[in-house]
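S.K.: Got a predicted model here, sequence first, then my questions.
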Amino acid sequence: MASAAAGSTLLPLALVDKCTGSRIWVLMQDNREIVGTLRGFDEYVNMVLDDAIEYVTVGTTQTEVARLEQMLLNGCNIAAMVPGSEASPFREPAE
Amino acid sequence: MADAAPAKRTPSDFLKDVIGRRVVVQLRTGTTFRGVLASLDGFMNIAMEQTEEWKDGHLSSKLGDAFIRGNNVLYISAVKKRG
């Protein structure tokens, strides 16, 4: 791996740890996305999120389905996580 | 970080705080259970009291005590404390 030069390797969980305290977007394995402030996580990447918003996408329409002040998200169903976005990074911007 | 961020909170810290409180448990299937969290374990198996089952935004049944197998749980959310 050319990009992983000695001393600069960023392990996956180190990236998650760097996001503690900031807003993150989480893409679930189904049609859900969750955005919230990451408060902590464990070895399974179960996540504690504050002020979370849950979105469900049907076709090309994304709708907000819940606002959750405090939540524990099961790491089992997480597909991807992207730090610090205010708009969903998983969708093409509208034309 | 400029904002007064609370200390780091691991999933186990969260779970200690929410036992005995009203919670919303969202399953992967879309079904939601609302009730009082009685107990839970490391698999996210859950025992609830005063449980209500909600489907598509409608109350579908009142279950009283209920056990939820952890593999179905998408998230657990604490309901805001009153006052």
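M.R.: Noted; the coordinates are in hand. Predicted model, so just to flag it, every value in this text is computed and none were measured.
S.K.: And residue B:51, how close does it get to residue B:58?
M.R.: Noted for residue B:51: a distance of 15 Å to residue B:58, by Cβ to Cβ, to the nearest Å. The C-beta positions use only the backbone N, C-alpha and C, and glycine is treated the same way.
S.K.: which one of those two has more residues nearby?
M.R.: Taking other Cβ atoms under 10 Å in any protein chain shown, residue B:51 and residue B:58 do not tie; residue B:51 has more neighbours (21 against 7).
S.K.: Validate this expectation: the more buried one resides in a strand.
M.R.: Yes: assigned with DSSP: H, G, I helix; E, B strand; the rest coil, residue B:51 falls within a strand.
S.K.: Go ahead and confirm it touches residue B:60.
M.R.: No: if you go by Cβ atoms under 8 Å, residue B:51 and residue B:60 don't touch, sitting 11.5 Å apart.
S.K.: per-residue confidence for residue 8?
M.R.: Picking chain A for this. Reported pLDDT at residue A:8 in the predicted model: 81.
S.K.: The intended chain is chain B.
M.R.: 85.
S.K.: wait, what's in contact with the nearest residue to it once chain neighbours are set aside?
M.R.: Using Cβ to Cβ, 6 or more residues apart in numbering or on different chains and skipping residues adjacent in sequence, the residue nearest residue B:8 is residue A:40, 4.9 Å away. Shown in contact with residue A:40 (Cβ atoms under 8 Å, 6 or more residues apart in numbering or on different chains): A:20, A:47-48, B:8-11, B:13-14.
S.K.: By neighbours, which of those residues wins?
M.R.: residue A:47 (29 neighbours).
S.K.: In the chain, where is pLDDT below threshold?
M.R.: No chain specified, so I'll use chain A. A:1-7, A:85, A:92-95 (pLDDT under 70).
S.K.: ah, no, chain B please
M.R.: Low-confidence segments of chain B (pLDDT under 70): B:1-6, B:81-83.
S.K.: Any residues of it in contact with chain A? List them.
M.R.: B:1, B:5-6, B:8-15, B:18, B:24, B:26, B:28, B:44, B:71, B:73-78, B:80 (Cβ under 8 Å from any Cβ of the partner chain).
S.K.: Let's see that with 6 Å instead.
M.R.: B:1, B:5, B:8-11, B:14, B:73-78, B:80 (Cβ under 6 Å from any Cβ of the partner chain).
S.K.: Show me those residues that map onto strands.
M.R.: Among the residues of chain B next to chain A, the members falling in strands (DSSP state E) are B:73-78.
S.K.: Please tell me how far residue A:57 sits from residue A:25.
M.R.: 13 Å.
S.K.: Tell me which of the two has more neighbours.
M.R.: Neighbours per residue (other Cβ under 10 Å) separate residue A:57 from residue A:25, with residue A:25 holding more: 20 against 15.
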